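In: Sequence and predicted structure are below.
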Amino acid sequence: MTHQDAPLRAADTEAQLWDAVVIGAGPAGLSTALTLTRGRRRVLVIDHGVPRNRFTDHMHGVLGHEGLAPGELRRIGRAEVEAHEGIFEDAQVASVDSVADDDGTRVRIATTDGRTFRARAVVVATGLRDELPNVPGLRALWGRGVYACPFCDGYEHRDRPIAVLANGDHSDMKAHLLRQWSADLVLLVNGSFALGEVEARALTALGIRIERSGVDEVIAGDDDRVRGVRLANGTELELEAIFTNPAFVPLTDFLDGVEVRGPEHPDARVWVVGNAGDPRANVPVSIGQGATAGGDVAFALLMDEIAAATAGEKRP
(Lines give C-alpha, C1' and ligand atoms only; values in the text may rest on other atoms or scores of the structure.)
Protein backbone atom coordinates (compact mmCIF):
# COMPACT_ATOMS: atom_id res chain seq x y z
CA MET A 1 0.00 0.00 0.00
CA THR A 2 1.16 3.56 -0.60
CA HIS A 3 -0.73 4.89 2.42
CA GLN A 4 -0.85 4.00 6.09
CA ASP A 5 -3.46 1.38 6.92
CA ALA A 6 -3.52 2.46 10.60
CA PRO A 7 -1.77 5.03 12.75
CA LEU A 8 1.72 3.91 13.72
CA ARG A 9 2.91 3.65 17.30
CA ALA A 10 6.38 4.76 18.38
CA ALA A 11 7.09 1.21 19.56
CA ASP A 12 6.79 -0.05 15.98
CA THR A 13 9.60 2.09 14.59
CA GLU A 14 12.31 -0.58 14.33
CA ALA A 15 9.97 -3.25 12.94
CA GLN A 16 8.47 -0.92 10.34
CA LEU A 17 9.73 -0.61 6.78
CA TRP A 18 9.49 3.14 6.29
CA ASP A 19 8.82 4.80 2.99
CA ALA A 20 11.28 7.47 4.10
CA VAL A 21 13.46 8.24 7.09
CA VAL A 22 14.34 11.91 7.50
CA ILE A 23 17.47 12.57 9.57
CA GLY A 24 17.27 16.00 11.18
CA ALA A 25 14.28 18.07 12.34
CA GLY A 26 15.31 21.56 11.32
CA PRO A 27 13.54 23.58 8.60
CA ALA A 28 14.76 21.34 5.74
CA GLY A 29 13.97 18.06 7.46
CA LEU A 30 10.55 19.12 8.73
CA SER A 31 9.62 20.50 5.31
CA THR A 32 10.58 17.19 3.70
CA ALA A 33 8.62 15.24 6.28
CA LEU A 34 5.53 17.42 5.92
CA THR A 35 5.50 17.01 2.14
CA LEU A 36 5.80 13.24 2.43
CA THR A 37 3.32 12.75 5.27
CA ARG A 38 0.76 14.85 3.41
CA GLY A 39 1.38 12.43 0.53
CA ARG A 40 0.35 9.63 2.96
CA ARG A 41 3.80 8.11 3.10
CA ARG A 42 5.14 6.33 6.17
CA VAL A 43 7.76 8.75 7.51
CA LEU A 44 10.11 8.53 10.48
CA VAL A 45 12.08 11.60 11.57
CA ILE A 46 15.24 10.96 13.61
CA ASP A 47 16.66 13.95 15.44
CA HIS A 48 18.93 14.48 18.45
CA GLY A 49 17.82 18.02 19.21
CA VAL A 50 20.96 20.10 18.58
CA PRO A 51 19.97 22.56 15.81
CA ARG A 52 22.49 24.91 14.23
CA ASN A 53 20.50 28.08 15.00
CA ARG A 54 19.99 27.28 18.70
CA PHE A 55 22.34 30.15 19.57
CA THR A 56 20.08 32.88 18.24
CA ASP A 57 16.82 34.28 19.62
CA HIS A 58 15.06 35.22 16.40
CA MET A 59 14.91 34.36 12.70
CA HIS A 60 14.80 37.08 10.07
CA GLY A 61 13.92 37.15 6.41
CA VAL A 62 11.51 34.22 6.78
CA LEU A 63 8.28 35.16 5.02
CA GLY A 64 5.34 35.03 7.42
CA HIS A 65 7.61 34.36 10.40
CA GLU A 66 9.74 37.50 10.68
CA GLY A 67 11.28 37.63 14.16
CA LEU A 68 9.98 34.21 15.21
CA ALA A 69 12.18 32.18 17.57
CA PRO A 70 13.86 29.27 15.75
CA GLY A 71 12.66 26.85 18.42
CA GLU A 72 9.08 27.96 17.85
CA LEU A 73 9.33 27.23 14.13
CA ARG A 74 10.61 23.75 14.95
CA ARG A 75 7.79 23.24 17.46
CA ILE A 76 5.15 24.28 14.93
CA GLY A 77 6.73 22.16 12.19
CA ARG A 78 6.91 19.07 14.36
CA ALA A 79 3.27 19.44 15.37
CA GLU A 80 2.27 19.72 11.70
CA VAL A 81 4.21 16.57 10.77
CA GLU A 82 2.76 14.66 13.72
CA ALA A 83 -0.74 15.80 12.74
CA HIS A 84 -0.18 13.99 9.44
CA GLU A 85 0.97 10.79 11.25
CA GLY A 86 4.72 11.33 11.01
CA ILE A 87 6.68 9.67 13.83
CA PHE A 88 9.70 11.14 15.65
CA GLU A 89 12.59 9.36 17.36
CA ASP A 90 15.09 11.12 19.62
CA ALA A 91 18.39 9.58 18.52
CA GLN A 92 21.70 10.32 16.81
CA VAL A 93 22.56 8.47 13.60
CA ALA A 94 25.80 6.50 13.55
CA SER A 95 25.70 5.04 10.04
CA VAL A 96 23.65 4.76 6.87
CA ASP A 97 24.13 1.76 4.58
CA SER A 98 22.64 0.94 1.20
CA VAL A 99 21.17 -2.57 1.14
CA ALA A 100 18.94 -4.64 -1.14
CA ASP A 101 16.75 -6.91 0.99
CA ASP A 102 13.97 -9.14 -0.34
CA ASP A 103 11.33 -7.00 1.37
CA GLY A 104 12.28 -3.92 -0.64
CA THR A 105 14.54 -2.24 1.92
CA ARG A 106 16.99 0.09 0.23
CA VAL A 107 18.67 1.78 3.21
CA ARG A 108 19.51 0.78 6.77
CA ILE A 109 20.02 3.43 9.45
CA ALA A 110 21.86 2.64 12.70
CA THR A 111 21.82 4.96 15.72
CA THR A 112 24.42 5.46 18.43
CA ASP A 113 22.15 3.82 21.01
CA GLY A 114 22.18 0.51 19.10
CA ARG A 115 18.88 0.70 17.23
CA THR A 116 18.36 -0.02 13.52
CA PHE A 117 15.71 1.37 11.18
CA ARG A 118 14.88 0.37 7.62
CA ALA A 119 13.69 2.60 4.81
CA ARG A 120 13.08 2.75 1.09
CA ALA A 121 14.59 6.26 1.03
CA VAL A 122 16.55 8.54 3.36
CA VAL A 123 16.73 12.33 3.44
CA VAL A 124 19.68 13.80 5.36
CA ALA A 125 18.97 17.22 6.87
CA THR A 126 21.48 17.29 9.71
CA GLY A 127 22.87 20.76 8.99
CA LEU A 128 26.43 21.82 9.76
CA ARG A 129 28.77 23.01 12.49
CA ASP A 130 30.20 26.54 12.42
CA GLU A 131 33.91 26.60 13.30
CA LEU A 132 34.74 30.16 14.36
CA PRO A 133 38.11 31.92 14.39
CA ASN A 134 40.11 31.20 17.55
CA VAL A 135 39.63 34.56 19.27
CA PRO A 136 38.86 34.65 23.01
CA GLY A 137 35.25 35.63 23.71
CA LEU A 138 34.04 35.14 20.14
CA ARG A 139 32.34 31.74 20.51
CA ALA A 140 30.59 32.76 23.74
CA LEU A 141 28.79 35.58 21.90
CA TRP A 142 27.87 33.59 18.77
CA GLY A 143 24.30 34.60 17.92
CA ARG A 144 24.38 37.48 20.41
CA GLY A 145 26.24 40.07 18.38
CA VAL A 146 28.54 37.69 16.48
CA TYR A 147 27.10 36.50 13.18
CA ALA A 148 27.91 35.07 9.77
CA CYS A 149 25.02 36.22 7.54
CA PRO A 150 24.48 39.95 6.83
CA PHE A 151 21.06 39.30 5.28
CA CYS A 152 19.96 37.43 8.41
CA ASP A 153 21.19 39.89 11.02
CA GLY A 154 22.45 43.09 9.39
CA TYR A 155 19.17 45.01 9.55
CA GLU A 156 18.94 44.76 13.34
CA HIS A 157 22.30 46.61 13.61
CA ARG A 158 21.70 49.23 10.92
CA ASP A 159 23.53 52.53 11.33
CA ARG A 160 25.47 51.15 14.30
CA PRO A 161 29.23 50.38 14.61
CA ILE A 162 29.91 47.03 12.94
CA ALA A 163 33.13 45.08 12.40
CA VAL A 164 34.06 42.31 10.02
CA LEU A 165 36.54 39.93 11.61
CA ALA A 166 38.59 38.70 8.66
CA ASN A 167 38.70 34.94 8.31
CA GLY A 168 39.32 33.17 5.01
CA ASP A 169 38.74 34.39 1.49
CA HIS A 170 36.41 37.26 0.60
CA SER A 171 36.34 38.85 4.04
CA ASP A 172 36.79 42.22 2.35
CA MET A 173 33.68 41.56 0.26
CA LYS A 174 31.67 40.88 3.39
CA ALA A 175 32.73 44.32 4.59
CA HIS A 176 31.57 45.86 1.31
CA LEU A 177 28.25 44.05 1.60
CA LEU A 178 27.66 45.29 5.13
CA ARG A 179 27.88 48.91 3.93
CA GLN A 180 24.24 48.40 2.93
CA TRP A 181 23.41 48.47 6.64
CA SER A 182 25.98 50.79 8.21
CA ALA A 183 28.61 53.34 7.23
CA ASP A 184 30.32 52.90 10.61
CA LEU A 185 32.31 49.86 9.55
CA VAL A 186 35.78 48.44 10.21
CA LEU A 187 37.59 45.42 8.81
CA LEU A 188 39.66 43.70 11.48
CA VAL A 189 42.63 42.06 9.76
CA ASN A 190 43.33 39.09 11.96
CA GLY A 191 45.40 35.91 11.97
CA SER A 192 46.72 34.72 8.65
CA PHE A 193 44.33 36.80 6.53
CA ALA A 194 46.25 38.74 3.87
CA LEU A 195 44.64 41.90 2.54
CA GLY A 196 45.93 42.87 -0.88
CA GLU A 197 46.76 46.41 -1.96
CA VAL A 198 43.96 46.62 -4.50
CA GLU A 199 41.40 45.32 -2.01
CA ALA A 200 42.62 47.74 0.66
CA ARG A 201 42.28 50.72 -1.70
CA ALA A 202 38.70 49.70 -2.57
CA LEU A 203 37.75 49.50 1.10
CA THR A 204 39.31 52.85 1.93
CA ALA A 205 37.72 54.53 -1.09
CA LEU A 206 34.29 53.50 0.20
CA GLY A 207 34.92 54.69 3.74
CA ILE A 208 35.56 51.32 5.35
CA ARG A 209 38.29 51.50 7.98
CA ILE A 210 41.02 48.87 8.18
CA GLU A 211 42.52 47.80 11.49
CA ARG A 212 45.66 45.66 11.18
CA SER A 213 46.62 45.29 14.84
CA GLY A 214 44.91 41.93 15.31
CA VAL A 215 42.24 41.06 17.87
CA ASP A 216 43.12 39.84 21.36
CA GLU A 217 39.59 39.51 22.72
CA VAL A 218 35.91 40.07 22.02
CA ILE A 219 34.36 41.95 24.94
CA ALA A 220 30.86 41.29 26.29
CA GLY A 221 28.67 43.98 27.79
CA ASP A 222 26.45 43.73 30.87
CA ASP A 223 23.66 42.35 28.67
CA ASP A 224 25.89 39.42 27.61
CA ARG A 225 26.06 40.72 24.06
CA VAL A 226 28.94 42.17 22.03
CA ARG A 227 30.29 45.44 23.42
CA GLY A 228 33.51 45.65 21.43
CA VAL A 229 36.97 44.21 20.88
CA ARG A 230 40.35 44.63 22.48
CA LEU A 231 43.12 44.88 19.88
CA ALA A 232 46.63 43.51 20.20
CA ASN A 233 47.97 47.06 20.64
CA GLY A 234 45.72 47.58 23.69
CA THR A 235 43.12 49.75 21.95
CA GLU A 236 39.44 48.98 22.57
CA LEU A 237 36.85 49.50 19.85
CA GLU A 238 33.17 49.85 20.76
CA LEU A 239 31.00 47.73 18.49
CA GLU A 240 27.43 46.52 18.34
CA ALA A 241 28.02 43.55 16.03
CA ILE A 242 30.81 41.47 14.53
CA PHE A 243 30.42 39.48 11.32
CA THR A 244 32.88 36.78 10.32
CA ASN A 245 33.26 33.77 8.02
CA PRO A 246 33.11 30.48 9.94
CA ALA A 247 34.43 27.29 8.44
CA PHE A 248 31.38 25.19 7.60
CA VAL A 249 31.59 21.52 8.61
CA PRO A 250 28.63 19.41 7.35
CA LEU A 251 27.35 16.94 9.94
CA THR A 252 27.33 14.03 7.52
CA ASP A 253 30.21 11.79 8.65
CA PHE A 254 27.80 8.86 8.84
CA LEU A 255 27.41 9.02 5.05
CA ASP A 256 31.02 8.00 4.32
CA GLY A 257 30.97 5.64 1.34
CA VAL A 258 27.23 6.03 0.69
CA GLU A 259 26.01 7.12 -2.74
CA VAL A 260 24.00 10.34 -2.52
CA ARG A 261 21.29 11.26 -5.01
CA GLY A 262 22.63 13.54 -7.73
CA PRO A 263 23.74 13.60 -11.37
CA GLU A 264 26.43 10.98 -10.71
CA HIS A 265 24.06 8.69 -8.78
CA PRO A 266 20.55 9.31 -10.15
CA ASP A 267 19.23 6.05 -8.66
CA ALA A 268 20.69 6.48 -5.17
CA ARG A 269 18.19 6.41 -2.31
CA VAL A 270 19.82 9.04 -0.09
CA TRP A 271 19.07 12.74 -0.54
CA VAL A 272 20.92 15.61 1.21
CA VAL A 273 19.11 18.91 1.85
CA GLY A 274 19.58 22.21 3.68
CA ASN A 275 22.89 23.12 5.30
CA ALA A 276 24.06 19.50 5.23
CA GLY A 277 24.69 20.02 1.52
CA ASP A 278 24.54 23.79 1.02
CA PRO A 279 26.12 26.09 3.65
CA ARG A 280 24.45 29.13 2.05
CA ALA A 281 20.93 27.78 2.61
CA ASN A 282 19.15 30.00 5.13
CA VAL A 283 15.81 29.04 6.68
CA PRO A 284 13.54 29.81 3.68
CA VAL A 285 15.95 28.17 1.23
CA SER A 286 16.18 25.10 3.46
CA ILE A 287 12.39 24.88 3.65
CA GLY A 288 12.23 25.03 -0.16
CA GLN A 289 14.91 22.39 -0.58
CA GLY A 290 13.05 20.14 1.84
CA ALA A 291 9.78 20.48 -0.05
CA THR A 292 11.55 19.74 -3.34
CA ALA A 293 13.25 16.67 -1.90
CA GLY A 294 9.93 15.47 -0.51
CA GLY A 295 8.43 15.59 -3.99
CA ASP A 296 11.46 13.87 -5.52
CA VAL A 297 11.33 11.07 -2.95
CA ALA A 298 7.60 10.58 -3.50
CA PHE A 299 8.17 10.29 -7.25
CA ALA A 300 11.04 7.80 -6.79
CA LEU A 301 8.86 5.62 -4.53
CA LEU A 302 6.05 5.78 -7.05
CA MET A 303 8.32 4.63 -9.86
CA ASP A 304 9.36 1.66 -7.68
CA GLU A 305 5.74 0.72 -7.18
CA ILE A 306 4.93 0.98 -10.87
CA ALA A 307 7.93 -1.20 -11.74
CA ALA A 308 7.01 -3.77 -9.10
CA ALA A 309 3.36 -3.91 -10.19
CA THR A 310 4.19 -4.36 -13.85
CA ALA A 311 6.64 -7.12 -12.92
CA GLY A 312 3.85 -8.97 -11.11
CA GLU A 313 5.14 -8.12 -7.63
CA LYS A 314 3.66 -6.18 -4.74
CA ARG A 315 5.76 -3.86 -2.65
CA PRO A 316 4.77 -2.23 0.69
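Out: Here it is on my side, so go on.

In: What average pLDDT does the longest helix along the chain get?
Out: Secondary structure of the chain per DSSP state H: the longest helix is helix 283-310. For helix 283-310, the mean per-residue pLDDT is 96.

In: Mind giving me the packing neighbours of that helix?
Out: helix 27-38, strand 122-124, strand 270-272 (3 or more CB pairs under 8 Å, 6 or more residues apart in numbering; DSSP states H and E). Glycine gets a C-beta too; all of them are placed from N, C-alpha and C.

In: Please identify the deepest-packed of the ones you listed.
Out: strand 122-124 (a mean of 31; mean count of other CB atoms under 10 Å).

In: Which strands border it, and is each parallel or antiparallel?
Out: strand 20-23 (parallel), strand 270-272 (parallel) (DSSP bridges).

In: Which one of the ones you listed lies nearest to Trp181?
Out: strand 270-272 (32.2 Å; CB to CB).

In: Name the residues that touch that closest one?
Out: Applying CB atoms under 8 Å, 6 or more residues apart in numbering, the external contacts of strand 270-272 come out as 32, 96, 98, 107, 121-125, 252, 255, 258-261, 293, 296-297.

In: Check stretch 217-227 too.
Out: With CB under 8 Å, 6+ apart as the criterion, stretch 217-227 contacts 135-138, 140-141, 144-146, 228-230, 236, 238-242.

In: Give the rounded mean pLDDT of that stretch.
Out: Per-residue pLDDT over stretch 217-227 has a mean of 95.

In: Go through it and flag the buried ones.
Out: Within stretch 217-227, the residues scored as buried using 16 or more other CB atoms under 10 Å are Val218, Ile219, Ala220, Val226, Arg227.

In: try stretch 154-172
Out: For stretch 154-172, using 16+ other CB under 10 Å, the buried residues are Gly154, His157, Pro161, Ile162, Ala163, Val164, Leu165, Ala166, Asn167, Ser171, Asp172.

In: Apart from its neighbours in sequence, what residue is nearest the first one?
Out: Same thing as Gly154. Nearest residue to Gly154, sequence neighbours excluded (CB to CB, 6 or more residues apart in numbering): Trp181, at 4.0 Å.

In: Is it correct that that neighbour is in contact with Val164?
Out: No - counting by CB atoms under 8 Å, Trp181 sits too far from Val164 to count as a contact (11.7 Å).

In: shared neighbours, the two?
Out: By CB under 8 Å, 6+ apart, no residue touches both Trp181 and Val164.

In: follow-up on the earlier one: ok, so of the buried residues of stretch 154-172, who is nearest Phe193?
Out: Proximity of those to Phe193, judged by CB to CB, is greatest for Ala166, which lies at 3.9 Å.

In: Tell me if I'm right that the closest one and Asn190 touch.
Out: Yes - with contact defined as CB under 8 Å, Ala166 reaches Asn190; the gap is 5.3 Å.

In: Could you point out which residue ranges in the protein have low pLDDT?
Out: For the chain, residues meeting the criterion pLDDT under 70 lie at 1-11, 102-104, 313-316.
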